[in-house]
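K.L.:
Model the following, please.
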Amino acid sequence: MSAEKIFNNTKVAFQLKNDSELERAYFLFKMISHQPLVRIGTAATNFALKTNLPVEGLIRATVFDHFCGGINEEDCLPVIDKMYSKGISSVLDYSVEGKENEVQFDMALNKTLEIINFSSQKDALPIAVFKPTGFGRISLYKKKGKGLKLTEAEEQEWNRVIERFDETCKLAKEKDVLIFIDAEESWMQDAADAITEEMMRKYNTEKPIVYNTLQAYRWDRLDYLKLLNERAKNQGFKLGMKIVRGAYMEKERERAKKNRYYSPICIDKEATDKNFNDTLTFILDNLNDISLCIGTHNEASSYLAMVIMQEKNIAKTDKRVWFGQLYGMSDHISFNLATAGYNVVKYVPFGPVKDVMPYLIRRAEENTSVAGQTSRELNLLKEERKRRKM
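P.N.:
Numbers count the residues shown, from 1 in each chain. Take a look at the predicted model:
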């Protein structure tokens, strides 16, 4: 059995873009397809923002408005409502990175709680999200994950990290909003996994509310999931899992090489793809125990999920299966899946222009490094421009 090839339909993919938005998207992906331009643009943007040059308006009108929903929750509502009219839900992602002290961690907690409350009032926002390093120092996660003894002050600090997780997951359960916990670097992930498992044990008793994230470019994640699934079944709680390929590959490999340990990253893209698809298949085989969000911009993996769902008679509308993409990317996957009746969610980043720039720069750099991704976007945009001129 094969899935109907739906991702080439550019009329559906870009139905929400007017002609000028389509031209902007084409221009941006054309820029992103040139690695040297991305490097120069990144350096120039960083310089302009650091020296307070008046570039925020330009950034807002181009790259920001393409990849972000707005500067605050209310600002994102037109984008959210427009997508929801086409069957696509949203998850508001406060994309401000690199915080390092208790005041900032408490601010991140309050912002996450605000978003959960805001989301609970709109059907279009069934999911909220946070990053573990938004709630605590990466070096603390690392030390805890290695099993090293914490000082008394660190122990108190760690307890506050757990309290922030707990407060967030408790409110998510009360408001019936799914809470996705992002995955980060491998050297801090063990400690984050341990807290997330504890939250699942506590709050996923009737159904999954708390979701962990598995990065399939790590070769150990499927084995981890299988063991976790056994524990969950024995202890009577449900798992929620978002699966992605991963976002820190270069950093991971460089660190492994420098510190002379075996790299946690799959040997090549083919191995990563196999790991992602094997994990996807395992979860859909165990859907009574594990709910799933398929976070992918990969057409082959999306088709595979569709085929398995058909073979297993899993309804397209089954709330245990979501497909997820980033706002501003892979609209040909998101909108065509939604039109076909699947549950689709777009991650909608938001925040002050200056604070969101590290996120946007990472997006641009990732796009240049994913072979074929940018050229595929570009070709589809080209086709739609041509279709509209006919």
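
K.L.:
all strands in the protein, in order from the N-terminus.
P.N.:
Ranges of strands in the chain, per DSSP state E, are 88-94, 127-130, 178-181, 210-215, 239-244, 290-295, 321-326, 344-350.

K.L.:
Can you say which of those is nearest to Gly70?
P.N.:
Closest approach to Gly70 among the strands of the chain is made by strand 344-350 (5.2 Å; CB to CB). (Each C-beta comes from the backbone N, C-alpha and C, glycine too.)

K.L.:
Show me what that closest one is packed against.
P.N.:
Taking 3 or more CB pairs under 8 Å, 6 or more residues apart in numbering; DSSP states H and E as contact, the helices and strands that strand 344-350 lies on are helix 73-84, strand 88-94, strand 321-326, helix 331-339, helix 353-369.

K.L.:
do that again at 6 Å, thanks
P.N.:
Here strand 344-350 touches strand 88-94, strand 321-326, helix 331-339, going by 3 or more CB pairs under 6 Å, 6 or more residues apart in numbering; DSSP states H and E.

K.L.:
Could I get the ones you listed in TSV, plus columns for mean pLDDT and distance to Glu270?
P.N.:
Putting the helices and strands packed on strand 344-350 into TSV (pLDDT from 0 to 100; distance: least, CB to CB, whole Å) gives the following:
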stretch	mean pLDDT	distance to Glu270
strand 88-94	97	30
strand 321-326	97	22
helix 331-339	98	21
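
K.L.:
okay if I get these as CSV plus mean neighbour count and distance to Met200?
P.N.:
CSV is the format used below for the helices and strands packed on strand 344-350 (neighbours: other CB atoms under 10 Å; distance: least, CB to CB, whole Å):
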stretch, mean neighbour count, distance to Met200
strand 88-94, 25, 19
strand 321-326, 22, 17
helix 331-339, 24, 27
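
K.L.:
re earlier: ok, which of the strands of the chain comes nearest Ala48?
P.N.:
strand 344-350 (20.3 Å).

K.L.:
Now do whichever helix in the chain runs longest: distance to the chain's middle.
P.N.:
For the chain, the helix with the greatest residue count under DSSP state H is helix 152-175. Offset of helix 152-175 from its chain centre (CA atoms, centre = their mean, to the nearest Å): 22 Å.

K.L.:
Buried residues in that helix, which are they?
P.N.:
Within helix 152-175, the residues that qualify as buried are 154, 157-158, 161, 164-165, 168-173, 175, counting by 16 or more other CB atoms under 10 Å.

K.L.:
any chance of the strands of the chain in a markdown table, plus distance to Ile40?
P.N.:
Below are the strands of the chain laid out as a markdown table (distance: least, CB to CB, whole Å):
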| stretch | distance to Ile40 |
| --- | --- |
| strand 88-94 | 27 |
| strand 127-130 | 32 |
| strand 178-181 | 34 |
| strand 210-215 | 30 |
| strand 239-244 | 29 |
| strand 290-295 | 30 |
| strand 321-326 | 24 |
| strand 344-350 | 23 |
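
K.L.:
Nearest to Val55 among these would be which one?
P.N.:
Comparison of those against Val55 by CB to CB identifies strand 344-350 as nearest, at 18.9 Å.

K.L.:
Could you give the average pLDDT over that closest one?
P.N.:
Averaging pLDDT along strand 344-350 yields 96.

K.L.:
now swap in stretch 131-149 and tell me
P.N.:
Mean predicted confidence for stretch 131-149 is 96.

K.L.:
Kindly report the same for stretch 59-75.
P.N.:
Regarding stretch 59-75, the rounded mean pLDDT is 91.

K.L.:
Quote the end-to-end distance of that stretch.
P.N.:
Distance between the two ends of stretch 59-75: 16 Å, counting by CA to CA, to the nearest Å.

K.L.:
which residues are contacting it?
P.N.:
Residues outside stretch 59-75 that contact it (CB atoms under 6 Å, 6 or more residues apart in numbering): 28, 76, 79, 118, 328, 348-350, 352-353, 356, 360, 363.
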